[in-house]
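1. Structure, please.
(6 chains)
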6 protein chains.
Amino acid sequence: MPTDEEKFAKGVAKMGELLGDSVGKSGSVLPPAFVKHTVGHLFGDVWQGEEMSLQERSLLTCTVLVALGRENEQRIHFAGARNIGIAREKLEGAITHVAHYAGWPVAVSAFGILQEVWPAE
Amino acid sequence: MPTDEEKFAKGVAKMGELLGDSVGKSGSVLPPAFVKHTVGHLFGDVWQGEEMSLQERSLLTCTVLVALGRENEQRIHFAGARNIGIAREKLEGAITHVAHYAGWPVAVSAFGILQEVWPAE
Amino acid sequence: MPTDEEKFAKGVAKMGELLGDSVGKSGSVLPPAFVKHTVGHLFGDVWQGEEMSLQERSLLTCTVLVALGRENEQRIHFAGARNIGIAREKLEGAITHVAHYAGWPVAVSAFGILQEVWPAE
Amino acid sequence: MPTDEEKFAKGVAKMGELLGDSVGKSGSVLPPAFVKHTVGHLFGDVWQGEEMSLQERSLLTCTVLVALGRENEQRIHFAGARNIGIAREKLEGAITHVAHYAGWPVAVSAFGILQEVWPAE
Amino acid sequence: MPTDEEKFAKGVAKMGELLGDSVGKSGSVLPPAFVKHTVGHLFGDVWQGEEMSLQERSLLTCTVLVALGRENEQRIHFAGARNIGIAREKLEGAITHVAHYAGWPVAVSAFGILQEVWPAE
Amino acid sequence: MPTDEEKFAKGVAKMGELLGDSVGKSGSVLPPAFVKHTVGHLFGDVWQGEEMSLQERSLLTCTVLVALGRENEQRIHFAGARNIGIAREKLEGAITHVAHYAGWPVAVSAFGILQEVWPAE
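-> Down below sits the predicted model:
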């Protein structure tokens, strides 16, 4: 089993791979224990799982954030999806799909966030 | 059965009837497929249902948006409710009622939105 | 202002008017303070508001319960809606409408509950 | 644009492709207008979108149902995911991932449903 | 039983004890009936319950507001928690805990609100 | 920093302290990676935090489960609360409180679960 230090290092790398330049922007408001859980456990262990690709995991994350109406976090993960090469059309399709499973309102707001962080060309 | 073109035209008319001048304000951020679903299917088919009046359907929509805490969309539909002649007292009563079924916090925020788009006289 | 005793009495009457024979079925599991809040405050004060009719308030309650996916409480209020003469078609239309604002899954489950407590003829 | 009849036919085909033998099991409790929306619009139009594969759309649907805690509908779509060849490991990974974005409780319940409709070998 | 006037007076006192200077800041947008329910019933009756201390009730309230992602109301109650002497570390621990039961996104946003109304020293 | 093995051992101990005989009842349906996260991370790290007592953490957990309407998991944690000596009156008060922040329906259902796993004497 990896040590906590190794997981933290893997988490930092995964966050960089997904989020690129936007890593750590909101980091300063998080207490140390929560940073440890986020980097070492969430990105350093859960996001390392090989049962799906990084693109699949990113799309799934975006989709859940839309379904739950978490707009602040959509900003981070929509930018991440763009960064790792997910097609905007696929993300649009996912939001449209979620509109039918979690309701129109979360989708309409999500399209607003999408346009803000990833303007349609 | 109506064609998609007919449903789209009926949807445009229904949106105008409900929302008046505010129609389409957020339209530019929505992809074409989602616009088609919103105008042609949601307003052009679902909102056409004759089992309740437009006022009943508007009030019901406002109520669900309060229960789900969807503040962006409350702006649109509270203004719509005012536009079609729903009494502010009825909407206040609905929000107060929802406070007891979905919790105080969504109601307190909804009253803030109401004051913003429809100030008490 | 009414006393707590008067509100409790008005709450009992309102619950009887809405729910008929099914009043109090789940009452025995509720602690005394919560019974007081439910009968005296919720039904004895909030449900007394004259800014909407009992039918409007019942439909609004059913709608919120569908949006929130609260199936146990749908049983009580769908039966109440039937009891006070709301048309089944109107309730079907409300659930169909909510499907688009809170997602298909809550609507599909709500139709199952509706069929259980108020079978289509 | 396709007619409503064509969309209904495409919806029936898509539901058969995804759900196989379990199609229509709960259909009898749904009113005709809602059946039309579900088959003709949801499966006949939204699920036809080519911006993602059927497997991607199925996984995304399962994920949203877990995030929203909709257990009844998980039964249908977990069985669908199995039917179209999604690996159980991928679905397990998705539920584990969602645990961190929508909370442990929805994931624990989802694993119970998964074991029920798709027992681990 | 106390009269409504007595409960209203007790509610005003409890709100002052919890919220100090920030009492009533958002009060002007609330209709009279809702103010009565909030002061007289919620703070004048429910918050008076002696089965837990004010600190316990405040922490519990903050926790629920995080779980439900109600950020506007977190502002009021995080400030209240500080006002009555709850340790920032305890609130941080509660938010971290909730991250695992209601998902990372509500916790990340809550830490942002916490830093805003109660900056770490 | 503790190793993963040490955290797993601490998690097992904490689960035993909280849940007593009911530990692991649902364990068999959970995949190994999720068991590792639950025992080693959630109970072996998060629940170890010393910023609040075990009773405070248990009550907070129960409260969040009520607010989110997660009835299956309420069964486990209401029994845990009883096991570690939380007064039933305090838990009743917490559910009553949550009724006002997350709505009556989740509270009514929670009282049903409470009566089931911890009958009033």
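2. and stretch A:3-12, anywhere near chain E?
-> No: taking C-beta under 8 Å from any C-beta of the partner chain as the criterion, stretch A:3-12 and chain E are apart, separated by no less than 13.2 Å. Where C-beta positions appear, they are placed from N, C-alpha and C, glycine not excepted.
3. Now do that stretch: everything it contacts.
-> Stretch A:3-12 has contacts (C-beta atoms under 8 Å, 6 or more residues apart in numbering or on different chains) with A:2, A:36, A:38-45, A:47-48, F:1-4.
4. now A:Asp45, nearest residue through space, not along the chain?
-> Nearest non-adjacent residue to A:Asp45, counting by C-beta to C-beta, 6 or more residues apart in numbering or on different chains: A:Lys7, 5.5 Å away.
5. Please work out the average pLDDT along the helix or strand where that neighbour lies.
-> For A:Lys7, the host element (DSSP states H and E) is helix A:4-19. Averaged across helix A:4-19, pLDDT comes to 95.
6. In CSV, list the C-alpha atoms belonging to the helix or strand following it.
-> Per DSSP H and E, the first helix or strand lying C-terminal to helix A:4-19 is helix A:32-36. Provided in CSV are the C-alpha atoms of helix A:32-36 (Å, rounded to 0.1, in the frame of the first residue of the first chain):
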residue,chain,number,x,y,z
PRO,A,32,-4.9,21.7,6.4
ALA,A,33,-6.9,18.5,7.2
PHE,A,34,-9.3,19.1,4.3
VAL,A,35,-6.4,19.8,1.9
LYS,A,36,-4.9,16.5,3.0
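7. Give me the buried positions along helix A:32-36.
-> A:Ala33, A:Phe34, A:Lys36 (16 or more other C-beta atoms under 10 Å in any protein chain shown).
8. Turn the buried ones among the contacts of stretch A:3-12 into a named PyMOL selection, would you?
-> Selection of buried members from the contacts of stretch A:3-12 for PyMOL, criterion 16+ other C-beta under 10 Å:
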select buried, (chain A and resi 36+38+39+40+41+42+43+44+45+47) or (chain F and resi 4)
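9. E:Val117: which of the buried residues of helix A:32-36 is nearest?
-> Of all the buried residues of helix A:32-36, A:Phe34 has the smallest distance to E:Val117: 17.5 Å, by C-beta to C-beta.
10. was I right about that closest one contacting E:Phe111?
-> Yes: the pair A:Phe34 / E:Phe111 is scored as a contact, 6.8 Å apart, by C-beta atoms under 8 Å.
11. how about the residue most central in space within chain A, secondary structure?
-> The residue lying closest to the centre of chain A (C-alpha atoms, centre = their mean) is A:His77, at 3.2 Å. Three-state call for A:His77 (DSSP: H, G, I helix; E, B strand; the rest coil): helix.
12. so how many other residues sit close to the residue nearest to A:Asp45?
-> For A:Lys7, the neighbour count with other C-beta atoms under 10 Å in any protein chain shown is 21.
13. Ok, A:Thr96 next?
-> 22.
14. okay, and the common contacts of A:Phe34 and E:Phe111?
-> With C-beta under 8 Å, 6+ apart, A:Phe34 and E:Phe111 have common neighbours E:Glu92, E:Ile95.
15. residue contacts, A:Gly69?
-> Applying C-beta under 8 Å, 6+ apart, the residues contacting A:Gly69 are A:Ala102, A:Pro105, A:Val106, A:Ser109, B:Leu68, B:Gly69, B:Arg70, E:Gly69.
16. Name the SS class of the last one, please.
-> To tie it back to what came earlier, the one meant is E:Gly69. The three-state label for E:Gly69, taken from three-state DSSP, comes out as coil.
17. Give me the phi and psi for it.
-> phi 70, psi 30 (degrees, to the nearest 10).
18. what's stretch A:46-56 in contact with?
-> A:10-11, A:14, A:17-18, A:57, A:60, A:84-86, D:56, D:59, D:87, D:89-90, D:92-94, D:96-97, D:100, F:33, F:37.
19. That one - what's its average pLDDT?
-> 97.
20. For that stretch, list every residue counted as buried.
-> So for stretch A:46-56, counting by 16+ other C-beta under 10 Å, buried means A:Val46, A:Trp47, A:Gly49, A:Glu51, A:Met52, A:Glu56.
21. what does stretch A:97-114 give?
-> A:97-111, A:113-114.
22. In helices, which of those appear?
-> A:97-102, A:104-111, A:113-114 (DSSP state H).
23. Name the nearest of those relative to B:Val64.
-> Of all those, A:Pro105 has the smallest distance to B:Val64: 8.6 Å, by C-beta to C-beta.
24. ok, and A:Ala120, which helix or strand is that part of?
-> With DSSP H and E as the criterion, the answer for A:Ala120 is that it lies in no helix or strand.
25. can you pull the contacts of the residue nearest to it when sequence neighbours are not counted?
-> Using C-beta to C-beta, 6+ apart and skipping the chain neighbours, the partner closest in space to A:Ala120 is A:Arg88 (6.9 Å). Applying C-beta under 8 Å, 6+ apart to A:Arg88 gives the contacts A:Arg82, A:Leu114, A:Trp118, A:Ala120.
26. Can you tell me which of those residues is nearest chain F?
-> A:Leu114 (27.3 Å; C-beta to the nearest C-beta).
27. Find the residue closest to that closest one in space, skipping its chain neighbours.
-> A:Phe78 (5.6 Å).
28. and the one you found, how many neighbours?
-> Applying other C-beta under 10 Å, I find that A:Phe78 has 26 neighbouring residues.
29. And A:Val117, by the same measure?
-> Other residues close to A:Val117 by other C-beta under 10 Å number 16.
30. Likewise for A:Asp21?
-> 9.
31. Could you measure from it over to chain B?
-> A:Asp21 is 24 Å from chain B, where distance means C-beta to the nearest C-beta, to the nearest Å.
32. just A:Pro31 next, same as before
-> Per C-beta to the nearest C-beta, A:Pro31 is found 24 Å from chain B.
33. Which pLDDT value belongs to the closest residue to that residue other than its chain neighbours?
-> Among residues not flanking A:Pro31 along the chain, E:Glu92 sits closest, at 4.6 Å (C-beta to C-beta, 6+ apart). Note for E:Glu92: predicted pLDDT of 98.
34. Only alpha carbons, please: show the strand or helix carrying E:Glu92 as CSV.
-> According to DSSP H and E, E:Glu92 maps onto helix E:88-102. Taking Å, rounded to 0.1, in the frame of the first residue of the first chain, the C-alpha atoms of helix E:88-102 are listed here in CSV:
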residue,chain,number,x,y,z
ARG,E,88,-13.5,27.7,14.5
GLU,E,89,-11.7,24.3,14.6
LYS,E,90,-15.0,22.6,15.5
LEU,E,91,-16.8,24.2,12.7
GLU,E,92,-14.0,23.3,10.3
GLY,E,93,-14.2,19.7,11.5
ALA,E,94,-18.0,19.7,11.0
ILE,E,95,-17.7,21.0,7.4
THR,E,96,-15.0,18.4,6.7
HIS,E,97,-17.2,15.7,8.1
VAL,E,98,-20.2,16.8,6.0
ALA,E,99,-18.0,16.7,2.9
HIS,E,100,-18.2,12.9,3.3
TYR,E,101,-22.0,12.7,3.8
ALA,E,102,-23.2,15.4,1.4
